[in-house]
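Student: Generate coordinates for the sequence data below:
(one chain, ligands or ions: 2)
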Amino acid sequence: MTAAPLFQRVALIGFGLIGGSIARAARAQGLAGEIVATAHSAKTRARVAELGIADRVVETNAEAADGADLVILSIPVGVCGAVAQEIASHLKPGAIISDVGSVKGAVVRDMAPHLPAGVHFVPAHPVAGTEHSGPDSGFAELFINRWCILTPPEGTDPAAVDRLRAFWTAIGARVETMTPEHHDLVLAITSHLPHLIAYTIVGTAEELGDVTSSEVMKFSAGGFRDFTRIAASDPTMWRDVFLTNKDAVLEMLGTFNEDLSKLTRAMRRGDGEALFEHFTRTRAIRRGIVEIGQNSAAPDFGRLQTSATKKNS
Ligand SMILES: NC(=O)C1=CN([C@@H]2O[C@H](COP(=O)(O)OP(=O)(O)OC[C@H]3O[C@@H](n4cnc5c(N)ncnc54)[C@H](O)[C@@H]3O)[C@@H](O)[C@H]2O)C=CC1
Ligand SMILES: O=C(O)C(=O)Cc1ccc(O)cc1
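Tutor: Ligands and ions are numbered 1, 2, ... in the order given. Modelled structure (predicted):
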């Protein structure tokens, strides 16, 4: 006997890497009675229909939301507010509406005012992805053993949070809840700043010009190659991330620049001891992260304290 699906109808609005992975994983686990999908472009919708990973592909966001028990927006952060407005009057009372955006404060700010009373808003961020995008890039295993952070606004029905938690757990994720502000600060240092650095360094290498560019490519098996993977990430998605999490990223960038200056000074002065001490510390951090992964223990998000969290606490 197969268990009843967690949700009768799941609507996936946006069908790229993340929407496509959710569809594949939810279907593999039998979590939805019906998966209804839509995307912005006719080309993507046609491809989703061809792939056969949704039960129905519809033309508009409103049509997708109609009658759904769970609606997930897997679209760039910058358009979440407009899409919430578009679908608001089509949401079924009691439905759960969620998203997967890499930034949470702006998504809550932009979506919440449009949502009618009687629907449950539970924003989410699966901290899992690749540099690829589009409907062909998704895969069912993407979320296995990866974190999914939920940022329910205060007063959200705990039963709705539990149902969404059950959904993400069933597709392999480990779920944690926190405030949108804390999420944005943690992700600014762990994800957004690293992407900004990758985008910068690949651009810098390119600007070095013809003389070195062939050598850059030839010898890119070193650290540079890892940066080029990250720097190949979707431009629309990352433009929106940096515009909507500006404050937290700028704060982290300030600290980063100070630390870079310290290392630059140590190098200029020939202070090998300072360099050695720094690299020894960072090596221990990496080994700690690898160990955490092997033991499947939760990283301690709570320890990240900056002036912004101190201000808020
Ligand atoms: N790419 C990654 O590694 C990760 C991305 N995210 C977040 O997931 C979201 C989606 O990212 P991806 O799946 O990577 O992007 P993607 O580019 O692969 O897919 C985006 C989808 O959104 C659709 N779309 C855009 N505007 C729309 C609108 N107004 N109405 C309906 N559909 C619309 C596009 O047609 C496309 O199907 C972003 O908010 C991103 O921050 C979260 C975790 C990881
Ligand atoms: O490809 C990588 O290394 C990533 O870092 C993927 C990623 C991108 C954005 C997110 O919000 C979460 C994960």
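Student: Helices along the protein, start to end?
Tutor: With DSSP state H as the criterion, the chain has helices at 17-29, 42-51, 61-65, 80-87, 105-111, 158-170, 180-187, 193-207, 210-218, 223-230, 235-244, 246-268, 272-295, 307-312.
Student: Least confident of the ones you listed, on average?
Tutor: The weakest mean pLDDT among the helices of the chain belongs to helix 307-312, with a mean of 34.
Student: and the stretch 201-313 of the chain, which residues reach ligand 2?
Tutor: Residues of the stretch 201-313 of the chain lying close to ligand 2 by C-beta under 6 Å from any ligand atom are residue 230. C-beta: built from backbone N, CA, C; applies to glycine.
Student: What's the separation between the residue of the stretch 201-313 of the chain found nearest ligand 2 and residue 132?
Tutor: As assessed by C-beta to the nearest ligand atom, ligand 2 sits closest to residue 230 within the stretch 201-313 of the chain, at 5.9 Å. From residue 230 over to residue 132 the distance is 12 Å, taken as C-beta to C-beta, to the nearest Å.
Student: Of those two, which one has the most company?
Tutor: Legend: neighbour count by other C-beta atoms under 10 Å for residue 230 and residue 132, higher for residue 230 (18 against 14).
Student: I figured that one hits residue 193, correct?
Tutor: No. Residue 230 is not in contact with residue 193 according to C-beta atoms under 8 Å; the separation is 11.3 Å.
Student: Show the contacting residues for the spatially closest residue to residue 172 that is not a sequence neighbour.
Tutor: Nearest residue to residue 172 in three dimensions, chain neighbours excluded: residue 144, at 3.4 Å (C-beta to C-beta, 6 or more residues apart in numbering). Residue 144 is in contact with 171-173, counting by C-beta atoms under 8 Å, 6 or more residues apart in numbering.
Student: residue of the stretch 151-300 of the chain with the smallest distance to ligand 2?
Tutor: For the stretch 151-300 of the chain, C-beta to the nearest ligand atom, closest residue to ligand 2: residue 191, 5.3 Å.
Student: so that residue touches residue 127, yeah?
Tutor: Yes. With contact defined as C-beta under 8 Å, residue 191 reaches residue 127; the gap is 7.3 Å.
Student: Can you pull the residues of the protein lying near ligand 1?
Tutor: So the chain meets ligand 1 at 13-19, 39-41, 44, 61, 74-77, 79, 83, 100-102, 126, 129-130, 133-134, 234, 237 (C-beta under 6 Å from any ligand atom).
Student: Buried ones only from the residues you listed, please, as a PyMOL command.
Tutor: A single PyMOL command selects the buried members of these (16 or more other C-beta atoms under 10 Å):
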select buried, resi 13+14+15+16+17+18+19+39+40+44+61+74+75+76+77+79+83+100+101+102+126+129+133+234+237
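Student: Tell me how this protein divides into domains.
Tutor: 7-178, 182-312 (automatic domain parsing).
Student: my guess is residue 95 contacts residue 121, does it?
Tutor: No. Taking C-beta under 8 Å as the definition, residue 95 is not a contact partner of residue 121, at 9.9 Å.
Student: Find me the pLDDT at the residue most central in space within the chain, would you?
Tutor: Central residue of the chain (C-alpha atoms, centre = their mean): residue 102, 3.5 Å from the mean position. Note for residue 102: predicted pLDDT of 98.
Student: ditto for residue 124
Tutor: On the pLDDT scale, residue 124 gets 98.
Student: Could you report the separation of it from residue 175?
Tutor: In terms of C-beta to C-beta, residue 124 sits 9 Å off from residue 175.
Student: so what's in contact with those two at the same time?
Tutor: Residues touching both residue 124 and residue 175 (C-beta under 8 Å, 6+ apart) are 148-150, 168.
Student: thinking again about what came up before, let me know which of the domains of the chain is tucked in deepest.
Tutor: domain 7-178 (a mean of 20; mean count of other C-beta atoms under 10 Å).
Student: now check that one, is it near ligand 2?
Tutor: Yes. Against ligand 2, domain 7-178 shows contacts by C-beta under 6 Å from any ligand atom at 102, 127-131.
Student: Output the helices of the chain as CSV; include the columns distance to residue 139.
Tutor: Shown next, in CSV, are the helices of the chain (distance: least, C-beta to C-beta, whole Å):
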stretch, distance to residue 139
helix 17-29, 6
helix 42-51, 12
helix 61-65, 22
helix 80-87, 24
helix 105-111, 24
helix 158-170, 16
helix 180-187, 22
helix 193-207, 21
helix 210-218, 28
helix 223-230, 17
helix 235-244, 18
helix 246-268, 29
helix 272-295, 20
helix 307-312, 35
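Student: Let me know which of those is the nearest to residue 140.
Tutor: Among the helices of the chain, helix 17-29 comes nearest to residue 140, with 3.9 Å by C-beta to C-beta.
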